[in-house]
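> sequence and predicted structure, then a few things I'm wondering about:
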Amino acid sequence: MFSRYSAPGGIKDVLRVGLPLVMGMASTTAMEFTDRVFLGNYSVISIAAALPAGLANFVLLAFCMGVVEYVGVFVAQYTGAGQPRRVGAALWQGLWFCLPASLILASLTFAADPLFALAGHPPEVQAQEATYFSILCLGSGFAVTGMCLSSFFSGRGLTLPVMIVNIIGALLNIPLDYALIYGRFGLPEMGIAGAAVATCFAWFLSALLLALLVFRRANERDFGVRSSWRFDKALFLRFLRFGLPTGVQFLMDILGFTLFLFIIGSLGAESLAATNIVFSLNALVFLPMVGFSVAASILVGQAMGAGDPDRAAYANTSTLYLCVTYTLILDAAFVFFPRELLSLFRPQDLSPEHFEAVRETGVVLLRLVAVYCLFDSVGIIQYGSLRGAGDTRFIMLTILGCSALILVLPTWLMVRVLGWGLYPAWACVLIYIAALAVIMRIRFLRGAWRKIRVIEPTGPTPADGVSP
């Protein structure tokens, strides 16, 4: 790690681009973590409902965010290729996508009640799931738009503004979350609905701040962020060609875990609560890893735009070193202090005896998480690097196959058919994450991504390639 610190695509570059992203993701993690802690202390029903409903919302939200996140790769490659005027045009194609996406996400509120009736959870959990899901859907368009606007900065490697906006959103959300859940500071007690309202307001504020930063006069002069507002059919179709597989990849990954949670919910409230708490703790590792993954996409995208795949490979390895190091530090806490971490989520309306059963189940699950996070740290960096190079179709097909054949179907078979219970189902999660990490690592090492062209050629280059 030390020998590659100052080289192009080395540790210094990864920290410059990735550290603000990791800090921004850490603020988002803190926001979600405190949200779960507040709800966990408020009611066992609320914590049991929050994660399935949040993930159900995030299924289609993840698809839309996965698509618009690819604006960042276009921005990175245009930056690397020395075409700054195309940056504004690429941004606007993402914004044109955001408009219908926001309307579709908002319309999902009408599906809330029948959706959670299918899950088979207890009626009191279903009611809170539908409430949380409906409110989040109404505000999801702000999250998608904010992601698109942030790509203008992150794709150029200027990730500090993104970090600042994320931190401001978290700093507002945490006290608002507390006030609306418990009814403090003169605000009404809304329980799980208050948590959803606070999250939506944070999404709105982040999107507003990013818009103010993006559409400044200086950015219009350098990148055409105002004058490039027209719909560009050729660029939009090129954007969809690479962005849609990324959206499907996000969709299938989140959908797989959502279906997993729905299946686990049939084992009872205690198993579902333990699973939800452990996934909430897992977010402490996962979301910062997403920051490193985005950094890998940016650095690889800039190198590919400049026609330098060797620098792209070097940046991938540098990012991988940092992500694994971070994961090992958090894993140590999961292994040595699981009970202390799980105790943060003790609900007020659950007896000590019942919570002890939830906590002891959580100890086993949290140590399983520590193992799979090591695999995840490898896989998620390979996703980012392959995305930055344009190898999105392979990622989509791999996650589609592994999610169905390794995660969802085996979990359903073990829980619903064979009745084997919670721990064998969680073993499927471990195998799923490990399989993805191995497949993605092999794909990157074989180097098919080196031949892919994301942005249009600027000179006499080979025909625009696609992922083999």
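Looks like it came in fine.
> count of neighbours near residue 82?
Burial of residue 82 is recorded as 10 neighbouring residues (other C-beta atoms under 10 Å). (C-beta placed from N, C-alpha, C; glycine too.)
> need the three-state assignment for residue 186.
The three-state label for residue 186, taken from DSSP: H, G, I helix; E, B strand; the rest coil, comes out as coil.
> number of residues surrounding it?
The local packing of residue 186 (other C-beta under 10 Å) involves 6 other residues.
> please renumber so the chain begins at 7
Sure, I'll start counting at 7 from here, so that last one is residue 192.
> check contacts around residue 204.
With contacts taken as C-beta atoms under 8 Å, 6 or more residues apart in numbering, residue 204 has the following neighbours: 41, 179, 182, 183, 186, 187.
> apart from its chain neighbours, what residue comes closest to the third one?
Spelled out, that is residue 182. The shortest distance from residue 182 to any residue that is not its chain neighbour, by C-beta to C-beta, 6 or more residues apart in numbering, is 4.3 Å, and that residue is residue 204.
> ok, that neighbour to residue 326 distance?
Distance of residue 204 to residue 326, given as C-beta to C-beta, to the nearest Å: 35 Å.
> thinking again about what came up before, and which of the contacts of residue 204 is nearest to residue 346?
Proximity to residue 346 was ranked across the contacts of residue 204 by C-beta to C-beta; first place goes to residue 41, at 19.8 Å.
> buried residues in the host helix or strand of residue 133, which are they?
If you go by DSSP states H and E, residue 133 is part of helix 129-160. Applying a neighbour-count criterion of 16 or more other C-beta atoms under 10 Å, one finds 131-160 buried in helix 129-160.
> so what does whichever helix or strand comes after that helix touch, helix or strand wise?
Stepping forward along the backbone from helix 129-160, the first helix or strand reached (DSSP H and E) is helix 166-188. Taking 3 or more C-beta pairs under 8 Å, 6 or more residues apart in numbering; DSSP states H and E as contact, the helices and strands that helix 166-188 lies on are helix 17-48, helix 129-160, helix 198-220.
> mind checking which of those is nearest residue 231?
Nearest of the helices and strands packed on helix 166-188 to residue 231, taken as C-beta to C-beta: helix 198-220 at 5.8 Å.
> quick one: mean pLDDT for that closest one?
Averaging pLDDT along helix 198-220 gives 92.
> just checking, what packs against the helix or strand that comes right after that helix?
Counting by DSSP H and E, the next helix or strand C-terminal to helix 198-220 is helix 223-229. Helices and strands in packing contact with helix 223-229 are listed as helix 91-113; criterion 3+ C-beta pairs under 8 Å, 6+ apart.
> quick one, the helix holding residue 133 and helix 91-113 angle?
Computed by axes from the mean of the first three to the mean of the last three C-alpha atoms, to 10 degrees, the angle separating helix 129-160 from helix 91-113 equals 170 degrees.
> list the contacts for residue 439?
Contact partners of residue 439, counting by C-beta under 8 Å, 6+ apart, are 378, 381, 382, 385.
> residue 453 and residue 315, how far apart?
Computed as C-beta to C-beta, the residue 453 to residue 315 distance reads 8 Å.
> who has more neighbours out of the two?
For residue 453 versus residue 315, the count of surrounding residues by other C-beta under 10 Å is larger for residue 315: 17 against 11.
> so for whatever helix or strand residue 384 lives in, mean pLDDT?
Taking DSSP H and E as the definition, one finds residue 384 inside helix 358-395. Predicted confidence along helix 358-395 averages 86 (mean pLDDT).
> who are the packing partners of that helix?
Taking 3+ C-beta pairs under 8 Å, 6+ apart as the contact definition, the neighbouring helices and strands of helix 358-395 are helix 77-86, helix 275-311, helix 315-342, helix 344-348, helix 398-408, helix 428-452.
> among those, which is nearest residue 50?
For the helices and strands packed on helix 358-395, the distance to residue 50 is smallest for helix 275-311, at 6.0 Å, taking C-beta to C-beta.
> pLDDT on the closest one, on average?
Mean pLDDT, computed over helix 275-311, is 82.
> next, the angle from that helix to helix 315-342.
Here helix 275-311 runs at an angle of 160 degrees relative to helix 315-342 (the same axes, to 10 degrees).
> check which residues of stretch 322-339 are buried.
Counting neighbours by 16+ other C-beta under 10 Å, the buried set in stretch 322-339 is 322-326, 328-330, 332-333, 336-337, 339.
> let's verify residue 425: helix, strand, or coil?
What three-state DSSP gives for residue 425 is coil.
> need the contact list for it.
Applying C-beta under 8 Å, 6+ apart to residue 425 gives no contacts.
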